[in-house]
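Asker: Sequence and predicted structure below; questions after.
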Amino acid sequence: MRNFLTIWFRELSACFLSPVAYVLMVVFLAVTSATFLLDITQDAALDQPLTVTLFESILVWLTILVTVVCMRLFAEEKRSGTLETLMTVPVTEAQIVLGKYAGALSFLLLVTFPVAITLLLVVAVSPVLQLGDLDGGALLSGGLILILVSSLLVAVGLLVSLLTRNQIIAAICCFCAVWGVLLFGWIVTIISGGGFSTTYVTVTDHIRDFSRGMLDSRPLVFYILGSALFLFASVRVLESRRWR
């Protein structure tokens, strides 16, 4: 447990020690807030709840954020040779993978959730909206599904980073893999000719439903098992390095 916490803290600290992290936080907050404000400005009739528009705006830019955060997790360690040093200390592959995963996911959530402040600012300056008009349950359930989606995307990005030592290649592959997850339901629909229900594997539908306060346990199982599967694969890939 101590090794896991040490790697977690090391990874999270490495993110905040770089000035790029603070630039990334500001840029992500700016572009996501701008997308949210643009959407609600164009949709003057407010055909959907503000929470849906907010989390959909976050999801659009989350793909780039996950790519930037995950591309360096193992690719940089392999390029600089520090991964071999880390493998020689008394720490298991599972602790390395989970520690890096927890550090990246923590940083991702710390960057993402301040965007919710934009929603409060919109309500504060709006002459027609009141704080009581916001559905607190929908905001919490939207936050829950955002955490689960982020956990799956980070697990995918971590595995991609582990499979290459070049950050540029890792970034391209990670970006494609992340979008592959988001479009998975649509891809399955095309392959099956519409004969297979993709309701419980379509990320955009989950974001939209949970942001309305419509909770369902089946998508939760999908994200938890999906994250566990990719983390398990990462551990096995890292273990194989000891036998090369």
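Answerer: Yep, it's here. These figures come from a predicted structure and were not determined experimentally.
Asker: give the contact list for the residue nearest the centre of the chain.
Answerer: Of all residues in the chain, the one closest to the mean position by CA atoms, centre = their mean is S150, 2.5 Å from it. Counting by CB atoms under 8 Å, 6 or more residues apart in numbering, S150 makes contact with 62, 66, 105, 108-109, 112. To be clear about C-beta, it is placed using only N, CA and C from the backbone, and glycine gets the same treatment.
Asker: Just put those residues in a markdown table and tack on pLDDT, neighbour count and secondary structure.
Answerer: Below are these laid out as a markdown table (pLDDT from 0 to 100; neighbours: other CB atoms under 10 Å; DSSP: H, G, I helix; E, B strand; the rest coil):
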| residue | pLDDT | neighbour count | secondary structure |
| --- | --- | --- | --- |
| L62 | 89 | 23 | helix |
| V66 | 89 | 26 | helix |
| L105 | 91 | 24 | helix |
| L108 | 89 | 25 | helix |
| L109 | 89 | 15 | helix |
| T112 | 87 | 21 | helix |
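Asker: mind putting those residues in CSV, distance to D205 included?
Answerer: Shown next, in CSV, are the contacts of S150 (distance: CB to CB, whole Å):
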residue, distance to D205
L62, 16
V66, 19
L105, 23
L108, 22
L109, 22
T112, 20
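Asker: now the helices for this protein?
Answerer: Along the chain, the stretches classed as helices by DSSP state H are 2-17, 19-42, 50-70, 75-80, 82-88, 93-112, 116-125, 136-162, 167-182, 184-192, 203-210, 217-240.
Asker: Which strands or helices does the first one pack on?
Answerer: This means helix 2-17. Helices and strands touching helix 2-17, by 3 or more CB pairs under 8 Å, 6 or more residues apart in numbering; DSSP states H and E, are helix 93-112.
Asker: Format the CA atom coordinates belonging to the helix it packs on as PDB.
Answerer: Taking Å, rounded to 0.1, in the frame of the first residue of the first chain, the C-alpha atoms of helix 93-112 are listed here in PDB:
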ATOM      1  CA  GLU A  93       3.900  -4.200 -11.500                       C
ATOM      2  CA  ALA A  94       0.300  -3.800 -10.200                       C
ATOM      3  CA  GLN A  95       1.500  -1.000  -7.800                       C
ATOM      4  CA  ILE A  96       3.300   0.800 -10.600                       C
ATOM      5  CA  VAL A  97       0.300   0.600 -12.900                       C
ATOM      6  CA  LEU A  98      -2.300   1.600 -10.200                       C
ATOM      7  CA  GLY A  99      -0.100   4.300  -8.800                       C
ATOM      8  CA  LYS A 100       0.400   6.000 -12.200                       C
ATOM      9  CA  TYR A 101      -3.300   5.500 -13.000                       C
ATOM     10  CA  ALA A 102      -4.500   7.100  -9.800                       C
ATOM     11  CA  GLY A 103      -2.100  10.000 -10.300                       C
ATOM     12  CA  ALA A 104      -3.200  10.700 -13.800                       C
ATOM     13  CA  LEU A 105      -6.900  10.300 -13.000                       C
ATOM     14  CA  SER A 106      -6.600  12.600  -9.900                       C
ATOM     15  CA  PHE A 107      -5.000  15.300 -12.000                       C
ATOM     16  CA  LEU A 108      -7.600  14.900 -14.700                       C
ATOM     17  CA  LEU A 109     -10.400  15.300 -12.300                       C
ATOM     18  CA  LEU A 110      -8.800  18.300 -10.600                       C
ATOM     19  CA  VAL A 111      -8.600  20.000 -14.000                       C
ATOM     20  CA  THR A 112     -12.100  19.000 -15.100                       C
END
